[in-house]
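Colleague: here is a sequence together with a model predicted from it:
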Amino acid sequence: MANARALDKRRKSVRNIRKITRTMELIATARFKKAMDRATAATAYTRRITQLVSDLASSGLEVRHPLMEPREETKSALLLVLTGNRGLCGGYNGGVIRQAIPRYKELQESVANVQLEVSGKRGLTALNFRGIEPNESFMNFDDQPRFAEVEVIANRYLDEYAAGRLDRVEVAYTRFISIGKQEAIVETLLPLGGIEGADIAGDAKDASSGESMYEFLPSAESILEEVVPTSFKVKLFKCFLDAAVSEQIARMVAMKAATENAGDMIKQLSMTYNRARQSQITGEIMEIIGGVEALKN
Amino acid sequence: MAELNCIVVTPEKTALETKAEFVAMPLYDGEVGILPGHSPMIGRLGYGEMRIRAAGQETRYYVDGGFVQVADNVVSILTNRAVLGSSVDAEAARAQLASATKQTAATDEELAIRDRLVIQARTQIRVAERAK
C-alpha cells in the first residue's frame, strides 16, 4: 500500500488544479457570453447588407462584380488560419490546424504561389513545429476582435486581389453553428461565391418587372460596387467573430471536463488514502500488541 | 407629425437607434437632409458629419463611409464607424493627415487611397472642432 502522506500530498495538488480549472471555466463562460453578444450584435449589419443587396437586385440590376468572378487561372492563393492565442481549449486549435495543413499542401500542389497567414500564437507554433513558415502572423486578435483591425487585413486582400497579385483567398477557422456544435472548416472568401440576398431577389425580379421603389444615389451600379467589398469585409469579420466564440466555448467545455476529472480523481485518491491510513494504523496496533505480548512472556 | 426612425449600424454593433425629426448626412458628393415622408432611397455615404435632430436637440456624429437606406420613415445607416462628434480623436486625425500628405502616390490606385485618407482626416478634424 502506498504511503499515506504521499497520497495526501497528491490529493492536495489535484485539489489546487481543480480550483484553477474551475476558475478558468468561469472566466471562459463570461468571455463566451461577451463574445456571443458581440457576434449577435454584428448580425444586424449583415442582415441589413443582405436586405440592401436584395433591394439592389430587385431593381433589375445584375449582381456582378470583379470580386465575384472566378479567375480563369489561379496563379497565387492565400490561406488564412485563425487559431487562438492560448491553449487549454481542447481540440480547438488542433482542429483548425488539421484542416489547414492538408489544404495548404493541396494548394501548393495546384497553385504556383501560395501564401500562408496565421492569426494566433498557437497556430504559429503548430506550423513552426511542422516546419512551415507563414508569410504573415497576427497576434492582436483576442476574444473580442475589432472591426477596424480586421478591416486592415481585408483591405490588403482586396487591394492585392484587385491588382491581380492574388487570385484566391481561403480562411481556415472554426465556424460557430450552435452552442453545442462548432466545426473547423476551410472556406473560400475570394472570389466571393455570391452575396446573400442576390439569389432570393433573382426570383422576385421576374415578378416585379425590374421596377424598384428606391431612388439610387448615385446609381445602383455604383452602390453595388461599394457593397461587394463591404460584404467581403463583413464576411471576414464574421470569421473572426465565429472563431472567437468557438474558442471560448471550446475552452469552457475543456475546463469543465478537467474540473470533473479532477473531482473524480480526488474521490479515488481519498479512498486510497483512507485505506492506506487505516492499514497503517492497523499495522501500528499490531506492532504494539506484538510488543506487549513479547513483554508478557 | 410623423417621426423618423433612425438606426445606425456598424459591423460591430447597432450604434444608435432613435427617433428623430430630421437627419442630415454626407453622401458621396454632398450633404443630404431627410425629413419624415422622404421618398425611398438608397445612397452611398461619404465621410463627414451626420446630424440627428430629435426633440430640438441636435447630435453630431462622424460617419466613415457606407450606405444609407430610407424607406417608410426608417433611415438605416450602414457605416464602418460612427463616432460621437465630441469623442472624435482630432490628434489621431491630424497625424493621419500629416502622414497622408507626405505619402507619395505613383499610380491611380495609390492616389485614390491617399485622397481617401486626406478627406477622412480633414472631415474628422472639422467634426471634432465643431463639437468643441
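Modeller: Received the coordinates, thanks.

Colleague: near residue B:102, how many other residues are there?
Modeller: For residue B:102, the neighbour count with other CB atoms under 10 Å in any protein chain shown is 8. In short, each C-beta sits where N, CA and C put it, glycine included.

Colleague: all strands for chain B, in order.
Modeller: B:4-9, B:14-20, B:22-27, B:30-34, B:41-54, B:57-71, B:74-78, B:82-84 (DSSP state E).

Colleague: residues from chain B in reach of chain A?
Modeller: B:9-14, B:27-29, B:32, B:39-44, B:66-67, B:69, B:71, B:76, B:78, B:80-81, B:109 (CB under 8 Å from any CB of the partner chain).

Colleague: ChimeraX command to pick out the buried ones of those residues?
Modeller: Filtering these down to the buried ones (16 or more other CB atoms under 10 Å in any protein chain shown) takes a single ChimeraX command:
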select /B:9,10,11,12,13,27,32,41,42,43,44,66,67,69,71,76,78,80,81
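
Colleague: among the strands of chain B, which is nearest residue A:76?
Modeller: strand B:57-71 (28.7 Å; CB to CB).

Colleague: tell me the angle of the closest one relative to strand B:30-34?
Modeller: 90 degrees (axes from the mean of the first three to the mean of the last three CA atoms, to 10 degrees).

Colleague: with mean pLDDT and distance to residue B:98 as new columns, can the strands of chain B be given to me in a markdown table?
Modeller: A markdown table is the format used below for the strands of chain B (pLDDT from 0 to 100; distance: least, CB to CB, whole Å):
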| stretch | mean pLDDT | distance to residue B:98 |
| --- | --- | --- |
| strand B:4-9 | 92 | 29 |
| strand B:14-20 | 90 | 28 |
| strand B:22-27 | 92 | 23 |
| strand B:30-34 | 91 | 27 |
| strand B:41-54 | 91 | 17 |
| strand B:57-71 | 90 | 19 |
| strand B:74-78 | 93 | 29 |
| strand B:82-84 | 88 | 20 |
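
Colleague: give me the contacts around the longest helix seen in chain B.
Modeller: Longest helix of chain B, by residue count under DSSP state H: helix B:108-131. Helix B:108-131 has contacts (CB atoms under 8 Å, 6 or more residues apart in numbering or on different chains) with A:159, A:162-163, B:26, B:46-49, B:60, B:62, B:64, B:84-86, B:88-90, B:93-94, B:96-97, B:100-101, B:103, B:105.

Colleague: tell me the gap between the helix or strand residue A:40 falls within and the middle of its chain.
Modeller: According to DSSP states H and E, residue A:40 maps onto helix A:4-58. For helix A:4-58, the separation from the chain centroid amounts to 11 Å (computed by CA atoms, centre = their mean, to the nearest Å).

Colleague: and it, does that touch chain B?
Modeller: Yes: judged by CB under 8 Å from any CB, helix A:4-58 comes into contact with chain B at A:38, A:41-42, A:44-45, A:48-49, A:51-52, A:55-56.

Colleague: contacting residues for residue 67?
Modeller: Answering for chain A, as no chain was given. Residues near residue A:67 by CB under 8 Å, 6+ apart: A:158, A:161, A:190-192, A:228-229, A:232.

Colleague: think we crossed wires, I meant chain B
Modeller: A:52, A:223, A:226-227, A:230, B:42-45, B:77-79.

Colleague: kindly indicate which of those lies nearest residue A:105.
Modeller: residue A:230 (33.0 Å).

Colleague: for that closest one, what are phi and psi?
Modeller: phi -60, psi -40 (degrees, to the nearest 10).

Colleague: measure it to residue A:294 for me?
Modeller: As for residue A:230, its distance to residue A:294 is 94 Å (criterion: CB to CB, to the nearest Å).

Colleague: those two: which is more packed in?
Modeller: residue A:230 (22 against 8).

Colleague: what sits closest to the more buried one if chain neighbours are left out?
Modeller: Nearest residue to residue A:230 in three dimensions, chain neighbours excluded: residue A:49, at 6.6 Å (CB to CB, 6 or more residues apart in numbering or on different chains).
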